[in-house]
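>>> any chance you could fold what I've pasted below:
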Amino acid sequence: MTIRRFLLKSLAFRVGFLAALWLGLISFLHVRLNAESAPADRVLMGYMPVIANLAAPLVDAVSRESGVRFEALKFASFAEMGEAFRSQHIQAAFIIAPLAVALFQQGVPLKVVYVGNRHESTMVVRQDSSCKSLSDVDGTLTVAVPIRFSGHFLAVKRYLREKGIRSDAVRLVEIPPPDMPAALASGGIDGYFVGEPFAGKALASGLARRLLDVESIWPKFICNVMIVREELIRSHPEWVKKLVSRAARSGFWARDHSEDAARFVAGYWNQDPSLPLYVFSHPPGRFRFDLFVPVVEEFEEIAREMVMEGLLDYRVDVRGMVDDRFARAVSVEEVASLKDIAAE
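This is a model prediction of the structure:
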């Protein structure tokens, strides 16, 4: 071997060795830095920017410096959130109740552990609508609901059935809640039935008038529930206990500090604080935050309505989807501050 060839091989060896050493160092630092920056204990929660999901941003905020992180991810539609939960992208979801029943019936391993606040859904119609109540509809009213698998859809259908009004007297269409006010303004629909603050947005602007509050046609109506994956309960029941406790306690804080709560969630929702402030005060004290324990019989009622409307092929045994032990264990003493929500 010539000296020139030896030197070239030696140089190539040294360059290769240094490159490998550098690559190893970069890989080590990448892993180390990611391990230090990524939260070790994290639960991803899906939610929509509605009052029934008020707990999600509040729980997110108080968990940032208190052990396990409950991170809130905002979705544009309940259908999108349901798919994220099905695919295990999120481990918890504040989701519309009939959709939770449908996911369970389809074999998604979930438990309902908490019920969001009650009495916060409203049906509005355009100011110039001749409709004064659902009892006098004549088949020309087009009303949007968040999704077919929603309590809003079921509530309208049940009301028409109970009053002896033909089922097609109200034409129900599906529109994601954030898009409802624009659809009403454009004339594409005559009204919509949804959780606040989206109804309040049309009311505050003068575009719409209130037709009915959901509690007038379905007492103790369940809009949204919190579902968690069964494997999360099996592996970390203490996390689920904290999550449910903080969600329930955030409701009591919001009830007693509605102005502070409205301003706080507006930042998460990317909305003007005047909108949540409006819905908390029109009318004041309407929302019920104290009925958060899931009850099997209420979900059996939802399942029956879903079967009657063809949303389920058969009546699912909902006893397997309800886990009330975490909600029943919640301490309900006074919650004076955001910091108190995280108290264990």
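
>>> can you give me the buried ones in stretch 295-308?
The neighbour-count check on stretch 295-308 (16 or more other C-beta atoms under 10 Å) flags 295, 298, 299, 300, 301, 302, 303, 305, 306 as buried. In short, each C-beta sits where N, CA and C put it, glycine included.

>>> so what touches that stretch?
97-98, 101-102, 112, 149, 151, 154, 157-158, 161, 220, 222, 312-316, 318-319, 321-322, 324 (C-beta atoms under 8 Å, 6 or more residues apart in numbering).

>>> quick one: buried ones out of those residues?
97-98, 101-102, 112, 149, 151, 154, 157-158, 222, 312, 316, 318, 321-322, 324.

>>> can you count the residues close to the residue nearest to residue 281 when sequence neighbours are not counted?
In space, and not counting its chain neighbours, residue 281 is closest to residue 258: 7.4 Å by C-beta to C-beta, 6 or more residues apart in numbering. Here the number of neighbours of residue 258 (other C-beta atoms under 10 Å) works out to 18.

>>> quick check, residue 154 in contact with residue 98.
Yes. With contact defined as C-beta atoms under 8 Å, residue 154 and residue 98 form a contacting pair (6.3 Å).

>>> now the strands: where do they sit in the stretch 1-150 of the chain?
Ranges of strands in the stretch 1-150 of the chain, per DSSP state E, counting those that start in this stretch, are 42-47, 69-74, 92-96, 110-115, 121-126, 141-145.

>>> in CSV, list the C-alpha atoms belonging to the fifth one.
What it means is strand 121-126. Output of strand 121-126 as CSV, limited to C-alpha atoms (Å, rounded to 0.1, in the frame of the first residue of the first chain):
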residue,chain,number,x,y,z
SER,A,121,-78.8,25.2,25.4
THR,A,122,-81.1,27.7,23.6
MET,A,123,-83.1,27.7,20.3
VAL,A,124,-83.1,31.0,18.5
VAL,A,125,-84.9,32.1,15.3
ARG,A,126,-84.5,35.1,13.1
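
>>> in strands only, show me the contacts of stretch 295-308.
With DSSP state E as the criterion, strands contain residue 112 from among the contacts of stretch 295-308.

>>> how about the nearest residue to residue 338, chain neighbours excluded?
residue 62 (5.9 Å).

>>> circling back: hang on, isn't the residue nearest to residue 281 packed against residue 279?
No. Contact criterion C-beta under 8 Å: residue 258 and residue 279 do not qualify, at 9.5 Å.
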